[in-house]
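Engineer: Quick one, what's the 3D model for this:
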Amino acid sequence: DDYLPSCHQAGELIRERCLLEGAAASECDARAAEARRNYVEAHNGGWVTARGHPPDAWLDSGQCRDCFQPAFNHRPKGSAQYMLAVRNFDDPDQPKRFEFGFIGSSDIHTAKPGTGYKEFWRGEMTEGRGFDSDRSPPEFMIPDHGEPVSRSVPLDLSKADVRGMSFFENERVNSFFVTGGLVAVHAAGRDRGAIWDALQRKEVYGTSGPRILLFFDLLARDGSKRPMGSKLRLQQNPRFRVSAVGSFVQKPGCPPDSLSALGEDRLADLCGGECYHPSDERRRIERIEVVRIRPQSHAGEDVAGLVEDPWRSFDCPANPAGCSVEFDDPDFAAAARDAVYYVRAIEAPSMAIHGSNPLGCEYDEAGRCISVQPCGVRVPKSEDCLSETRPRAWSSPIFVDFADIQSGGR
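Structural biologist: From the prediction side, this is the model:
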């Protein structure tokens, strides 16, 4: 309900300019409808159809307002949650579905891997680099918008000048680059084979950058445990345990072994002289959230009610040893349908590059974004654009299919 579609905003921008030029309201309404249509038909280049309107005029259109460190122009049906909820019923007796393991990983064009251990040096640790004092950004990064037009211009996708990097909203998208996430594995060893085996069995999880420890297990009646990534069939209600420990608070600079191995100059080039340098203090895990997804039971079933996020939430004590909770699903057996469960471990708030308000929105009393200050290519590289966020880790799911008596499941 609080989403602002970019196609709608395109219509509003054209209508406003049209009225300023003195055209009749009916004419401006027609131009707004045309602008919305042109935006949609231009796909990712929709913003070009309302030429001359600068990045801040688009406010936070097209963006997910309740996502953690959202992707730019998030596409809802591209989410892991949606894909875990849908099924293919071409063969009704054996419907197909996705069974993902979750990881968090990233690198950038300068080959830096996940660097979320410290939130600093936006100009090098993320793709949202900003500009150097001695040179200007390339023209495609900051195009000459010209005067705002009062009528939308259709985009001819066959023309070469609307392809490549100039096709995208580079000025706004730069505000969404963050330090990278990490893949975590529960492996029997540190060799490549052991890590690969953990990935194959989906005993993996992702973090937003900090090295949070996370364990998520189904507790079987015989006393055994089935870890994240497991798939099993049950008749009775499942019971689970989650344990999480916060990441280490970082000390400034680099540890002595890094300095002796690489030297100050090399470390300055690699990471600005700020290495992963843990203290003995761990950050607090603030809460554990559980997401339950019930995959479609028949073709055409509405997905809207199948994703429960969060389904359960547990506040954690201020304990440096971490947080551990147990819970069951009292509805599983009665519902007699398959379910997917995964958990999030959420740390206490901290500051992060582009954080929870990447466009720098100013909100009115109703919570609407009324102005923006994007932190992107127009902002110097030396500015880190920090805002508060809550780092987290996401477990791989546990897939629990309902086994009726006839199937003989256990």
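
Engineer: gap between stretch 204-223 and the chain center?
Structural biologist: Mean C-alpha position of stretch 204-223 versus that of the full chain (CA atoms, centre = their mean, to the nearest Å) differs by 19 Å.

Engineer: Oh, that last question was meant for stretch 383-398, not what I typed.
Structural biologist: Between the mean C-alpha position of stretch 383-398 and that of its chain there is a distance of 8 Å (CA atoms, centre = their mean).

Engineer: got the buried residues for that stretch?
Structural biologist: Within stretch 383-398, the residues that qualify as buried by neighbour count (16 or more other CB atoms under 10 Å) are 384-386, 389-398. For glycine as for every other residue, the C-beta is placed from the backbone atoms N, C-alpha and C.

Engineer: contacting residues around the residue nearest the centre of the chain?
Structural biologist: The geometric centre of the chain, computed from its C-alpha atoms, lies nearest to Pro70 (CA atoms, centre = their mean), at 4.5 Å. Under the criterion of CB atoms under 8 Å, 6 or more residues apart in numbering, the neighbours of Pro70 are Gln63, Cys64, Phe176, Pro358.

Engineer: nearest to Leu84, of those residues?
Structural biologist: The shortest distance between Leu84 and any of those, using CB to CB, involves Cys64 and amounts to 17.8 Å.

Engineer: Look at the closest one and report its pLDDT.
Structural biologist: Here, the pLDDT recorded for Cys64 equals 88.

Engineer: mind checking the SS state of it?
Structural biologist: Cys64 falls in the coil class when you classify it by DSSP: H, G, I helix; E, B strand; the rest coil.

Engineer: Likewise for the one 3 residues further on?
Structural biologist: Per three-state DSSP, the secondary structure class of Cys67 is coil.

Engineer: can you count the residues close to it?
Structural biologist: 12 (other CB atoms under 10 Å).

Engineer: cool, and Cys369?
Structural biologist: Neighbours around Cys369, by other CB under 10 Å: 19.

Engineer: check contacts around the closest residue to Gly130 other than its chain neighbours.
Structural biologist: With sequence-adjacent residues excluded and distances taken as CB to CB, 6 or more residues apart in numbering, Gly130 is closest to Lys381, at 4.1 Å. Under the criterion of CB under 8 Å, 6+ apart, the neighbours of Lys381 are Arg122, Gly123, Glu124, Arg129, Gly130, Phe131, Asp132.

Engineer: Backbone torsions only: list them for Arg312.
Structural biologist: Here is the backbone geometry of Arg312 (degrees, to the nearest 10): phi -130, psi 150.

Engineer: how far away is it from Ala10?
Structural biologist: 40 Å (CB to CB, to the nearest Å).

Engineer: Between these two, which is the more surrounded one?
Structural biologist: In this comparison of Arg312 against Ala10, neighbours counted by other CB under 10 Å, the higher total goes to Ala10 at 28 against 17.

Engineer: Show me the shaky parts of this structure.
Structural biologist: By pLDDT under 70, the low-scoring segments of the chain are 132-145, 159-167, 405-410.

Engineer: Check which helix or strand the residue nearest to the centre of the chain maps to.
Structural biologist: Here Pro70 sits in a region with no helix or strand, counting by DSSP states H and E.

Engineer: And Ala393, by the same measure?
Structural biologist: Since the elements are taken from DSSP H and E, Ala393 ends up inside strand 392-395.

Engineer: So what are the sheet partners of whichever helix or strand comes after that strand and their directions?
Structural biologist: Scanning forward in sequence from strand 392-395 by DSSP H and E, the next helix or strand is strand 398-402. Looking at strand 398-402 with DSSP bridges, its paired strands and their directions are strand 231-234 (parallel), strand 339-347 (antiparallel).

Engineer: Strands of the stretch 101-250 of the chain, start to end?
Structural biologist: The residue ranges that make up the strands of the stretch 101-250 of the chain, judged by DSSP state E, counting those that start in this stretch, are 182-185, 204-207, 213-219, 225-227, 231-234, 239-245, 248-250.

Engineer: which parts of the second one are buried?
Structural biologist: Along strand 204-207, the positions that meet the burial threshold by neighbour count (16+ other CB under 10 Å) are Val204, Tyr205, Gly206, Thr207.
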